[in-house]
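> 3D model of this:
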Amino acid sequence: MRSRSWRSRVTALGAVLATALTVGAAGPVPDQSDDLGPEITAIMNKPAYQHAQWGLLEIDDATGRVIHSRYPDQFFIPGSTAKLVSVSGAWHTLGGDHRFSTPVQAVGDRDGTVLNGSLVLVAQGDLTMGGRTKPDGGVDYTTIDHTYANDVPGATLTPENPLAGLDEIARQVRESGLTEIRGDVAVDSRLFTTSEGLDPGPDPLIVNDNVIDLLTTPTAPGTTARLSWRPQVAPYQVESTVQTVAAGGTTDIAVAASPDGTHLTLSGTIAADAPPTLRISHVQDPAAFGRTALIEALARAGVTVTAPPTGPNPAGVLPATYDGTQRVGAYVSPVFAEYAKLILKVSHNLGANLTICLMAVTAGSHQCDGGFPVLNAFLRQAGIDPTQAQLLDGRGGNPIDRVTPRVENEILHYWQGTPDADRFREAQPILGVDGSLATACAGCPTCPGKGKVWAKPGSVLGFDALNERLAVGGETLGGYLDAGHGRLHTFYLAVNGASTPDINSFFDVINDLSRISGLLQEQAERAS
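Numbering: from 1, shown residues only. The predicted structure follows:
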């Protein structure tokens with residue numbers, strides 16, 4: 001079965017191809033790699049890495065002894081391993097047990113069950129607003145997150161209701177005794193303003209990652225495929241002309257949106273033997289979307305609103321302060337450590353950029369860029385030289401983003417000296433088990449290190465038009481190795497400047513780094 005052109009999916013697998021300057025010498029692996037062993041050396045000498053630069057630093061976390069070192073103090077393009085930096089800063093600043101409480105305030109005069117005024121949801125930067133929360137309080141995720149659905153094959157949905165948080169708020173409003181809002185409903189998004197360097201740019205109100213999920217399921221060949229979508233919020237309308245074609249045919253589904261993003265059209269084909277195929281469309285106005293979703297949730301809970309449910313968010317009704325107003329509901333999130341796990345396990349780009357904004361808020365800033373001084377201060381407090389990294393976002397997708405292998409090891413080491421050591425380590429994808437490393441060993445006869453490597457991968461790639469191939473600006477992997485007897489090694493592995501013929505061979509690069517990490521783990525365990 002064929003799918004969309006691999007060129008059209010390149011951007012989601014890492015971000016943008018940065019201005020990728022290779023560091024140090026290129027070409028075959030130099031002699032100092034001999035201690036890595038023949039298997040690792042053979043991987044590093046593959047044709048894909050002919051002009052590439054490898055970096056590696058592995059350290060025994062208990063003793064500080066350097067096990068392997070290759071260009072530990074040179075900059076590498078980090079891709080999503082930059083999330084180890086941003087998430088660490090937010091985790092330290094907020095605390096792993098921090099919860100976001102998103103209140104709804106009654107602004108106006110209350111007359112029994114009637115509010116003569118406005119109901120205001122005061123957005124607090126909650127990443128999921130209950131849309132992924134499991135009964136045990138954990139945050140759900142899938143191997144390939146729905147936010148990557150337009151670009152990465154196999155993206156799937158979690159089963160939770162994306163409107164769960166708003167439904168909970170509406171229930172609380174009704175339990176407060178209110179049955180009618182004779183005024184308006186508004187979303188207060190004044191907590192922070194995103195910055196140009198953050199792409200995707202976070203919003204203080206995030207419902208279903210501020211996307212509409214569009215799931216196409218094949219039917220009989222020659223008939224229109226079945227479409228389901230969520231969350232179904234007015235005034236969004238969805239139409240589909242996707243046709244089911246014979247088994248083995250082409251699955252190629254495109255999404256088009258009206259200028260305001262509220263009328264969506266799916267077109268193309270899906271093979272009869274294809275699994276349900278997910279696409280997404282981004283919400284252009286999260287505040288207006290959230291306002292309508294809340295009004296609809298209130299109606300389901302038995303609270304009527306006289307204002308029209310659709311239209312722009314009425315920011316003009318927002319008070320200067322909420323002194324003297326009544327809180328009539330609040331959604332309380334899972335702990336931040338669960339959000340950190342989501343960000344790291346699936347490489348959640350919006351969540352990673354949100355950490356920068358959340359750090360800014362702790363410093364009293366309403367501009368997301370105010371989070372970078374907080375991140376800088378965290379690194380210094382941890383005894384880490386912040387000049388070993390340069391970042392303009394939290395996810396590792398900006399062309400200027402760089403890290404050294406040393407700074408990543410130092411961050412990983414920092415967490416081992418905290419009460420959250422195990423929780424931070426377990427928040428990383430586990431090789432061959434879950435998250436973005438769940439399928440790292442796919443197609444390999446053996447999976448060295450399976451279940452014994454906790455690490456965050458990162459990818460930065462783009463299309464090399466000159467040579468009709470993929471240019472891998474950076475492929476990276478950083479985390480912990482089980483060295484046996486309760487010991488851990490920290491490691492950071494990077495290759496910048498690789499190239500591959502197509503998307504399938506790019507996945508071989510990812511698997512090469514995963515295999516190297518597994519071989520390093522086996523070496524460490526044998527040496528213990």
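
> If we ignore the residues flanking it in sequence, what's nearest Leu166?
Ala297 (4.3 Å; C-beta to C-beta, 6 or more residues apart in numbering). In this view, the C-beta of every residue, glycine as well, is placed from N, C-alpha and C.

> Pro159 too?
In space, Pro159 is closest to Asp140, 7.5 Å off (C-beta to C-beta, 6+ apart).

> What of His282?
Val211 (5.5 Å).

> That neighbour contacts Tyr148, doesn't it?
No: using C-beta atoms under 8 Å, Val211 makes no contact with Tyr148, being 10.7 Å away.

> which residues does the residue nearest to Leu166 contact?
Residues in contact with Ala297 (C-beta atoms under 8 Å, 6 or more residues apart in numbering) are 163, 166-167, 169-170.

> Out of the residues you listed, grab the one that's most surrounded.
Leu166 (30 neighbours; other C-beta atoms under 10 Å).

> Quick check: which element contains it?
Assigned by DSSP states H and E, Leu166 belongs to helix 164-175.

> Can you spell out which helices and strands pack onto that helix?
If you count contacts as 3 or more C-beta pairs under 8 Å, 6 or more residues apart in numbering; DSSP states H and E, helix 164-175 packs onto strand 101-111, helix 286-301, strand 326-332.

> Domain map for this protein?
6-79+396-527, 101-333 (automatic domain parsing).

> For the longest one, measure first residue to last.
So that's domain 101-333. 6 Å (C-alpha to C-alpha, to the nearest Å).

> The biggest helix by length in the chain packs against which elements?
Counting by DSSP state H, the longest helix found in the chain is helix 503-527. The contact analysis (3+ C-beta pairs under 8 Å, 6+ apart) places helix 503-527 against helix 38-44, strand 453-464, strand 469-484, strand 487-500.

> Redo those as CSV? Include mean pLDDT and distance to Asp184.
Putting the helices and strands packed on helix 503-527 into CSV (pLDDT from 0 to 100; distance: least, C-beta to C-beta, whole Å) gives the following:
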stretch, mean pLDDT, distance to Asp184
helix 38-44, 96, 61
strand 453-464, 96, 44
strand 469-484, 97, 48
strand 487-500, 98, 52
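
> Let's have the ones you listed in JSON lines, adding distance to Asp420.
Rendered in JSON lines, the data for the helices and strands packed on helix 503-527 read as follows (distance: least, C-beta to C-beta, whole Å):
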{"stretch": "helix 38-44", "distance to Asp420": "31"}
{"stretch": "strand 453-464", "distance to Asp420": "14"}
{"stretch": "strand 469-484", "distance to Asp420": "14"}
{"stretch": "strand 487-500", "distance to Asp420": "15"}
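
> how about TSV for these, with mean neighbour count added?
Formatted as TSV, the helices and strands packed on helix 503-527 follow (neighbours: other C-beta atoms under 10 Å):
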stretch	mean neighbour count
helix 38-44	16
strand 453-464	25
strand 469-484	25
strand 487-500	25
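
> quick one, what contacts the residue most central in space within the chain?
Against the mean C-alpha coordinate of the chain, by C-alpha atoms, centre = their mean, the closest residue is His348 at 0.4 Å. Contact partners of His348, counting by C-beta under 8 Å, 6+ apart, are 127, 145, 147, 342.

> Identify the residues contacting Ser88.
378, 411, 414-415, 424.

> Tell me where the stretch 201-350 of the chain has strands.
Applying DSSP state E, counting those that start in this stretch to the stretch 201-350 of the chain gives strands spanning 211-217, 226-230, 237-240, 243-245, 252-257, 263-271, 277-282, 304-305, 326-332.

> quick one: the third one to chain centroid distance?
Its chain's C-alpha centre and that of strand 237-240 lie 27 Å apart, by C-alpha atoms, centre = their mean, to the nearest Å.

> buried stuff in that strand?
238, 240 (16 or more other C-beta atoms under 10 Å).

> what helices or strands is that strand leaning on?
Strand 237-240 packs on strand 211-217, strand 226-230, strand 263-271, going by 3+ C-beta pairs under 8 Å, 6+ apart.

> again, 7 Å this time
Secondary-structure packing of strand 237-240 (3 or more C-beta pairs under 7 Å, 6 or more residues apart in numbering; DSSP states H and E): strand 226-230, strand 263-271.

> partners of that strand, with directions?
If you go by DSSP bridges, strand 237-240 pairs up with strand 263-271 (parallel).

> Give me the angle between the strand it pairs with and strand 226-230.
140 degrees (axes from the mean of the first three to the mean of the last three C-alpha atoms, to 10 degrees).

> First residue to last residue on stretch 317-324, what's the distance there?
End residues of stretch 317-324 are separated by 15 Å (C-alpha to C-alpha).

> And it, what's buried?
317-318, 322.

> Please produce a markdown table containing these, extended by distance to Pro153 and pLDDT.
Formatted as a markdown table, these follow (distance: C-beta to C-beta, whole Å; pLDDT from 0 to 100):
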| residue | distance to Pro153 | pLDDT |
| --- | --- | --- |
| Val317 | 45 | 97 |
| Leu318 | 43 | 98 |
| Tyr322 | 46 | 97 |
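
> quick one: which of those is nearest to Val283?
Distances from Val283 to those, taken as C-beta to C-beta, are shortest for Leu318 (20.4 Å).

> Apart from its neighbours in sequence, what residue is nearest that closest one?
Nearest to Leu318 is Asp188, by C-beta to C-beta, 6+ apart, at 5.3 Å.

> Against Gln232, how distant is the nearest residue to Asp184 once chain neighbours are set aside?
With C-beta to C-beta, 6+ apart as the criterion, Asp184 has its nearest non-adjacent residue at 4.2 Å, and that residue is Ala307. Ala307 sits 20 Å away from Gln232, going by C-beta to C-beta, to the nearest Å.

> Over to Thr223?
Counting by C-beta to C-beta, the gap from Thr223 to Gln232 is 23 Å.

> Between these two, point out the one with more neighbours.
Gln232 (14 against 11).

> dump the residue contacts of that one.
Neighbouring residues of Gln232 by C-beta atoms under 7 Å, 6 or more residues apart in numbering: there are none.
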